[in-house]
Structures are given as C-alpha cells and as structure tokens.
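Following is a predicted model, sequence given first.
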Amino acid sequence: MIYEKVALIGLGHIASSMAHGMRRAGCVGTITGFARSAETRQTARDIGLCDRVADSAADAVLDADLVVLCVPVGAMGPVMEQIAGAMKPGATLTDVGSVKRSIIAAVEPHLPDTVDFVPGHPLAGTEHSGPTSGFAELFDNRWCLLTPLPGTEAATEKLTKFWEALGANVGVTDPEHHDLVLAVTSHAPHLIAYTMVGVADDLGRVTESEVINYSATGFRDFTRIAASDPTMWRDVFLTNKDATLEILGRFTEELFALQRAIRTGDGDHLHAYFTRTRAIRRGIIDAGQDTDAPNFGRD
Ligand code: NAP
C-alpha cells in the first residue's frame, strides 16, 4: 500500500483513469472523489468510480495522504483555495495539469506549510472527457513528469512509486523546461491540428461534404486531436503563452522555408527535410512511445 487515503479533485478523464489504475494496482487504501457538478458526482457514484464521492472539495481532502488536483489548469488556484484549510498536515499534494509554471504560481500562495507539493503531469490522455472515459491502461509505459518543489524529496520518492504502480515511467524536471518541451511536443501540435481542421471546415463549405467523406488518415488524426476538450486547451494556451508563441514562431519560419522550396521546385530541400523528420518518427517508435496511431495527441 503506497497511500492509505487518496483524494481526487475533479473526476474527468485523467482522474477516472487514475482511479481505475489505482484499483488495478491495489496500491492505495481508499479513494475519495469530488467534482464541481452534481451530475458528474452522480455519474461517479453510479459507476462506483471511488469508494466515496464527497459533496465539497474540502470534505474530500479531509484525512487524505495524497490529494490529486485533476481540474483544468485555470481552475487549480481557486480549487486549492477551497481545500487549503482542510488538508491533513504531512499530506502530499500533486496535480496532473498540462502546464507547470502557472499552476505552481497559482497554488503556492494557498499552500499550507505542512503540505508537500509535488506538481506532476502524466503524458497520457485521449480526446475524451468525463468520469466514464477513463481506463486503467492509460498510463502504461507512458511518461509522468514531476517538477518537485525544494524540500519535498521524500514525498517525490513516494509519488514516483505511486505513478510507477500505475504503469508509468517517471521523470523529474524543472517547470520551465517542462513547459518548453511540452510546447514543442504537445501544445503547438494541438494548435496546428485545431487550425488545419478549421481550414478544412472553411473549405468544406465550398466542397460540401467532401472533406468528411474523403478524409485521408493524416486529416483524420488532426480531427481526433482537434476534438480535445476546449476548456482544457484554452487554459493550456493561456497559461503556457511564452513557450507556445516561441515554438509557433519557429514553426512559421520552417513553414515559410518549405513554402519557398515548393514554389521554387527545390526537391532536394523537401527530400532532405522529410528524411530528417522520418528519422525522428522512427526514434519515437524505437523508444516504445507509439505502438499504434491512437497514441498521437495523448497528452
Ligand atoms: P475532464 O475530463 O474535462 O475533467 C475535468 C474535471 O474538472 C471535471 O470533473 C470537471 O467537473 C472539473 N472542472 C472543470 N472546470 C472546473 C472548474 N472551473 N472548477 C472546478 N472543477 C472544474 O478533463 P481531463 O482531461 O481529466 O483534464 C484534467 C487535467 O488533466 C487538466 O489540467 C489537463 O490539463 C490535464 N491533462 C489532460 C490530459 C488529456 O489528454 N485529457 C492529459 C494530461 C493532463 P464537472 O465534470 O463537474 O464539470
């Protein structure tokens, strides 16, 4: 048993996957959950997601040894404000948010001295949301990045064991580095997918349903990513602004270079570029981080 009592605040895709993962691993005693809407709380009760579903966030965290914030990035600070006074001294606080710097800035002002905060981010997810969308295998062989605050070594070690029990590989990094890397690997690609689907939608008005009927696999992958939760992704872009804009600037420069190569018929440039990117794809497969297509966009 790694933790006796765990509280999940927010009962969506990631929290429900964690609940199933904890049950599969048998690594915790009891799981208490809380979601802001009565509807989600009722669904969680109906499907038996947790041992207990509380009616307030503060009630859910009472006695918890581990509290996991599983709400959209922009809601982390306000939720922390609600639970701060109810948390047990000696408890560990973590989160699963896709951005780290802004969450630390929002949570830290409310953090009790007696609580260890170890921010986290499982690089796993699908385009689905809500308490019925989770599954225990979501974190298997995926990375979970932790960005611990100073003085939380023992809590970090325990949380590492917890994520490993859920099937994940655990990495430790600093919040700035996390946000830059994720801007490259996740945030900018999502924005590009949203844009491409938006462009096709505009075109679709001209060509009627051709865009849908003749969707090739590349476009279908984009539509799946672009179906991701609007609230979650709005918050990601608003809170990882600098890193995302930096990567989009570089992306635009590369796009112009490819545009010029196409216009001038520079096949050597295009071939060399695509050869380089193909090698990156092979590296990802060799690292076991994409066994099949549906993994793309899972973070
Ligand atoms: P989700 O399925 O949409 O669930 C979100 C949960 O947060 C719901 O229980 C929702 O409550 C609650 N919530 C929403 N807005 C809130 C607010 N303003 N105040 C309090 N609670 C609120 O989301 P998710 O995919 O699990 O994402 C949760 C976190 O995980 C996010 O921070 C996201 O960045 C991160 N993450 C997501 C993925 C992914 O691919 N999905 C991957 C890695 C990390 P109601 O149901 O009652 O509305």
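Yep, that arrived.

send the alpha carbons of stretch 67-86 over as PDB?
Taking Å, rounded to 0.1, in the frame of the first residue of the first chain, the C-alpha atoms of stretch 67-86 are listed here in PDB:
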ATOM      1  CA  VAL A  67      -4.500  14.900  -2.900                       C
ATOM      2  CA  VAL A  68      -4.500  15.000  -6.700                       C
ATOM      3  CA  LEU A  69      -5.900  18.100  -8.500                       C
ATOM      4  CA  CYS A  70      -7.400  16.900 -11.700                       C
ATOM      5  CA  VAL A  71      -9.200  20.000 -12.900                       C
ATOM      6  CA  PRO A  72      -8.400  22.300 -15.900                       C
ATOM      7  CA  VAL A  73      -5.200  24.400 -15.500                       C
ATOM      8  CA  GLY A  74      -7.100  27.600 -14.900                       C
ATOM      9  CA  ALA A  75      -9.100  26.100 -12.000                       C
ATOM     10  CA  MET A  76      -6.200  24.800 -10.000                       C
ATOM     11  CA  GLY A  77      -5.700  28.000  -7.900                       C
ATOM     12  CA  PRO A  78      -9.300  28.500  -7.000                       C
ATOM     13  CA  VAL A  79      -9.700  24.800  -6.100                       C
ATOM     14  CA  MET A  80      -6.500  25.000  -3.900                       C
ATOM     15  CA  GLU A  81      -8.000  28.000  -2.100                       C
ATOM     16  CA  GLN A  82     -11.100  25.800  -1.200                       C
ATOM     17  CA  ILE A  83      -9.100  22.800   0.100                       C
ATOM     18  CA  ALA A  84      -6.100  24.500   1.800                       C
ATOM     19  CA  GLY A  85      -7.600  24.700   5.300                       C
ATOM     20  CA  ALA A  86      -8.900  21.200   5.200                       C
END
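
Let me know the average pLDDT across that stretch.
For stretch 67-86, mean pLDDT is 97.

One more: stretch 191-211?
80.

repeat for stretch 226-240
The pLDDT scores in stretch 226-240 average 95.

May I see the buried residues of that stretch?
226-229, 232-233, 235-237, 239-240 (16 or more other Cβ atoms under 10 Å). To be clear about C-beta, it is placed using only N, CA and C from the backbone, and glycine gets the same treatment.

Of these, which are in range of the ligand?
229, 232 (Cβ under 6 Å from any ligand atom).

Provide the contact partners of the helix or strand bottoming out on mean pLDDT in the chain at residue level.
Across the helices and strands of the chain, mean pLDDT, DSSP states H and E gives its lowest value to helix 210-213, namely a mean of 71. With contact meaning Cβ atoms under 8 Å, 6 or more residues apart in numbering, helix 210-213 is reached by 200-201, 203-204, 219.

Can you report how many residues neighbour the one residue in the stretch 51-200 of the chain that gets nearest to the ligand?
Relative to the ligand, the nearest point of the stretch 51-200 of the chain is residue 125 (1.9 Å; Cβ to the nearest ligand atom). Around residue 125 there are 24 other residues, counting by other Cβ atoms under 10 Å.

what's the answer for residue 48, then?
Count around residue 48 with other Cβ under 10 Å applied: 10.

Checking my notes, it in a strand, right?
No: counting by DSSP: H, G, I helix; E, B strand; the rest coil, residue 48 falls outside a strand, being coil.

measure the spatially closest residue to residue 116 that is not a sequence neighbour to residue 119 for me?
Distance criterion Cβ to Cβ, 6 or more residues apart in numbering; nearest residue to residue 116, sequence neighbours excluded, is residue 155 at 3.6 Å. Using Cβ to Cβ, to the nearest Å, we find residue 155 at a distance of 11 Å from residue 119.

list the residues that contact both of the two?
Taking Cβ under 8 Å, 6+ apart as the contact rule, residue 155 and residue 119 both touch residue 148.

Between those two, which has more neighbouring residues?
Between residue 155 and residue 119, residue 119 has the larger neighbour count (other Cβ under 10 Å), namely 26 against 22.

which parts of the stretch 1-150 of the chain sit against the ligand?
Residues of the stretch 1-150 of the chain found near the ligand, taking Cβ under 6 Å from any ligand atom as the criterion, are 10-15, 35-37, 40, 70-73, 75, 79, 96-98, 121-122, 125, 129-130.

In helices, which of those appear?
13-15, 40, 79 (DSSP state H).

Now render those residues as TSV, adding neighbour count.
Putting these into TSV (neighbours: other Cβ atoms under 10 Å) gives the following:
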residue	neighbour count
13	26
14	27
15	28
40	21
79	23
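
how about those, which pair is most distant?
Pairwise distances across those (Cβ to Cβ) peak at 16.8 Å, for the pair 13 and 79.
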